[in-house]
Every structure is written in structure tokens, then in C-alpha cells.
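>>> I would like to see how this sequence folds:
(one chain, ligands or ions: 1)
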Amino acid sequence: MRSPALARIDLDAISHNVSLLRERAGGTEVMAMVKAEAYGHGLVPAARAAIAGGATWLGVAKLAEAVELRRAGVVGVPLLVCVSVPGEPYDQAVTLGIDLTAGTPRMVEEIAAAAERAGRPARLHLKADTGMSRGGAAPDEWQPLVDAARKAETAGHLNVVGLYSHFACADEPGHPSIAGQLSAFNDFVALAEGAGVRPEVRHLSNSAAILTLPEARFDLVRPGIAMYGLTPMPQLGTFGLRPAMTLTADAAMVKRVPAGSGVSYGHTYVTERETTLALVPAGYGDGVPRHGSNLLEVLAGGRRRRIAGRVCMDQFVIDLGDDSLSEGDEIVLFGPGDRGEPTAQEWADALGTISYEIVTRIGSRVPRMYAGGPS
Ligand SMILES: *Cc1c(COP(=O)(O)O)cnc(C)c1O
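Sure thing, here's the model as predicted:
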């Protein structure tokens, strides 16, 4: 496939990473987190590759993502929506066999009412805030949350299948909040089970916790970034993970320009001598960060080249000096790094962000080309 810019996705790498993470978690069941288009890798193909690698649950952030998976025929695997917003079509979710999250009694009641309309019980996970102060019930709301869930359960409107929470600082091993969150989660589980909740699964660990905290595995772990071969803790190495995304673009044009040529908007780069420029057809409209102007490197003709001048919406320029490159030659923006190209982690480090953002922001205009994967 030829395309101005292309994200090549190695589905076997995703399967490999899931299986490695499952092993790393001592065989605990894995909920593959495929929200945000599977961190830019493509929702449905990534979900199938994760299942092939041994994931037995799927997780997304939003209801629409779960509906898309079910409509694509990804069925027979429990699928959790982690972020609940009042007023969504929860009866449809119940009908499609989608697990839902509640962190407030009000959400429990809304979901129970939807399940009553749908004519079957909802599968519900109760979410506790154990110290991140984001989603989930704060400790003084745990009892009302559990009471509301037990009441709806007794009325036959739902089954509480999960109890969960989320770490704030698991990527900083030894951070004092980690032990506190773990202990708070145990308290939440004890409170819920003491009130008669019999969950199928209790779950807490994200990628960083899977890699560093065996005591937080419980019944299910929820890897996201590590599934895609990137580590949440680059300071600790790569853990044998294989990056699944390679972003490439084919040189659109190659031309010779004189010394003193201002390049791209604002002329923030000016050629020092006569030189050869190549035009790379990927810009911030595709997810190449504009902050990477005059900063990020790519691999062209086997050599590293820095982006020359500003990243535009649809393209940027690199300076080849006296080297040649043919129009149509492939330029690698980032990938696993084994051919000398930058990694998403290297781009993230240069930009002061995290690898999550680099891969997730690659936009829908960039086609995904899949290699490997379940047949
Ligand atoms: C995104 C997400 C994860 C995965 O986090 P990573 O750091 O990418 O492993 C786990 N749990 C929940 C609730 C999430 O939203």
C-alpha cells in the first residue's frame, strides 16, 4: 500500500506483548485496554490481536467504543466501559452485553433503570477512588455506592461483577501513594464483600503496576501502553516489549536549494549552504507534533535527519545536505528502533511528553496497514 503517510501496525507484536504481560502477571487474566483506537493502533484489529495473545477481557473508556467493538463482531469476551457519563444509552449497552462502571449511587440507579428497560440485568463494576482523585467513589461514598448496588442487585436489575480502582503513580516505583492505594483498595473490597457483593473480578493494575507490583494483581490486570510495546517506565528498560507501530511517509519531493534559503513558515530554519531538501508528507494534521519543529529526528536514506523548520499541517521538510534521496523513498518517522529510526519514546523525551501521547495522537487521516495477527 502506498500512502503519503502510513502507520504500520505489527499485530503479532501486540499478541506477543499481551502474552508476555500475562506471564509477567503470573497468569492472571488480562483485560486489554483498547480505548482511544487502541492508543492509535486501531480498535478492532488491536482487540483481536490482544485476544489472540491471551487477553480474556477488553476495556475501553467510552460507551461508543464498546458499541463499535460489539458491532464489529467482537463478542464472547467481556468488555468494560470505564468512564460513565449520565444520559448515555445504557439500555443499548446492556442489550449488547457491555459491562458498565458506576462510581456514584446515581449512576447505579441510572444503569439499573436502563437494565429494567432492556429486560435483563446489567453487568456492573463498582469503581473506588483510592487516592487518584479522578473517577470512582471517594472513601466516604463507598458505603452509599455499595448499598445502592446491593439494592439494585436484590431487585434483579444488575449483577456486580467487578470491583476496581486505578493507580496514580505506579510508574514511579516506591512512590508513597502506591502502598496507600493498595491498602485502600483492600479496604474497599472488604467493605463491599462485607455487604454481600460477590464480584467475579477485583482489578487494580495498569501496565506499570503489572511490571513492578505483583501484590496488586488481584483477579485481573489492565495493561494499556505495554500491550503496544511501549513502557510506562522508560528508565527501567523495555521489559522485552515490542513496539507495534511504525510511522512512515514517502518523500513527496526532493530539491536543491541555494545557501540562505528560509525553510517553511516563519523561516525558522535557513540553509547554511547549497543543499538538498526533501518534503515529507506528514504534518500536525496527521499527528506529528508541531512542537517537534527543528527538534525531532526521522530516518531518511539510512541516516537520521532533524525536521528543518516548522511542522506544517500536512508536511514538513528535512535537510539532506549533499546526500540524495529519490522521490517516493520511504522515510521512517518512528518505529521499534531496530533500523536506527527514532522510537516513540525518543520523540516523547524530546518533546517533554509520554509515549502514550505520541502514538495516540496519530490521526484518522493516516491509514493503518496491518501485518501479522490472528487469521
Ligand atoms: C487506560 C487505563 C489503563 C491502562 O493504563 P496504562 O498505563 O496504559 O497501562 C488501565 N486502567 C484504566 C481504568 C485505564 O483507563
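
>>> make it CA atoms for all contacts and neighbour counts henceforth
Will do.

>>> Would you map out the domains in this structure?
Taking automatic domain parsing as the reference, the chain has its domains at 11-228, 245-342.

>>> does the ligand sit close to the first one?
Yes: contact between domain 11-228 and the ligand is present through 33, 82, 166, 206, 207, 222, 223, 224, 225 (criterion: C-alpha under 6 Å from any ligand atom).

>>> list the contacts for the fourth one?
Put plainly, it is residue 206. 166, 167, 170, 221, 222, 223, 224 (C-alpha atoms under 8 Å, 6 or more residues apart in numbering).

>>> so which of the residues you listed is the most crowded?
Highest neighbour count within the contacts of residue 206: residue 221, with 29 neighbours (other C-alpha atoms under 10 Å).

>>> Quick check: the gap between that one and residue 119.
Remark: distance between residue 221 and residue 119 (C-alpha to C-alpha, to the nearest Å) = 31 Å.

>>> Equivalent analysis for residue 259, please.
Residue 259 is 74 Å from residue 119, where distance means C-alpha to C-alpha.

>>> Next: residue 67.
With distances taken as C-alpha to C-alpha, residue 67 is found 18 Å from residue 119.

>>> cool, residue 268 as well?
63 Å.

>>> try residue 98
14 Å.

>>> who has more neighbours, these two?
The residue with more neighbours, out of residue 98 and residue 119, is residue 98; 25 against 13, by other C-alpha under 10 Å.

>>> Give me the below-cutoff pLDDT ranges for this structure.
1-2, 375 (pLDDT under 70).

>>> max-length helix in it?
For the chain, the helix that runs over the most residues, judged by DSSP state H, is helix 176-194.

>>> Tell me where the stretch 101-250 of the chain has strands.
Using DSSP state E, counting those that start in this stretch, the strands of the stretch 101-250 of the chain run over 122-127, 158-164, 201-205, 220-221, 245-250.

>>> go on, the stretch 251-375 of the chain?
253-257, 262-263, 269-270, 275-280, 297-300, 303-308, 316-321, 330-334, 368-371.

>>> so which of the ones you listed gets nearest residue 38?
strand 368-371 (12.0 Å; C-alpha to C-alpha).

>>> And that closest one, how far out from the chain middle?
Strand 368-371 has its C-alpha centroid displaced from the chain centroid by 17 Å (C-alpha atoms, centre = their mean, to the nearest Å).

>>> Run me through the strand neighbours of that strand, direction for each.
Strand 368-371 sits in its sheet next to strand 5-10 (parallel), going by DSSP bridges.
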